[in-house]
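Q: sequence first, predicted model second:
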Amino acid sequence: DDIRVGDEVVIEGRSAVAVGRAAGSGPEMVESTRGIASEVRHCEET
């Protein structure tokens, strides 16, 4: 709920961790099933 458009975000997946800037608000990301949630700036495989 605290994420706003333009906030820096950390994205954690099964095989990678990424850092980017939110393209939508937190509630929009939770409700969305497709589309762009953030613009990834850096990604590292785990």
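A: In hand now; what should we look at?
Q: C-alpha only now, for contacts and for neighbours.
A: Fine.
Q: just the buried positions in stretch 36-46, please.
A: The neighbour-count check on stretch 36-46 (16 or more other Cα atoms under 10 Å) flags A37, S38, V40 as buried.
Q: I36 against A23, yeah?
A: Yes - under the criterion of Cα atoms under 8 Å, I36 makes contact with A23 at 6.8 Å.
Q: spatially central residue for this structure, please.
A: S38 (4.3 Å; Cα atoms, centre = their mean).
Q: so what's it bridging to?
A: A22 (DSSP bridges).
Q: would you mind measuring from it to E12?
A: 12 Å (Cα to Cα, to the nearest Å).
Q: what's the answer for I3, then?
A: Separation of I3 from E12 (Cα to Cα): 15 Å.
Q: quick one, which of these two is more surrounded?
A: Legend: neighbour count by other Cα atoms under 10 Å for I3 and E12, higher for I3 (16 against 12).
Q: residues contacting the more buried one?
A: I3 sits next to A22, S25, G26 when contact means Cα atoms under 8 Å, 6 or more residues apart in numbering.
Q: show the low-confidence segments of the chain, by residue range.
A: Nowhere does the chain drop to pLDDT under 70.
Q: correct me, but S38 touches V19?
A: No - the criterion here is Cα under 8 Å, and S38 misses it with V19 at 9.0 Å.
Q: great, nothing more from me.
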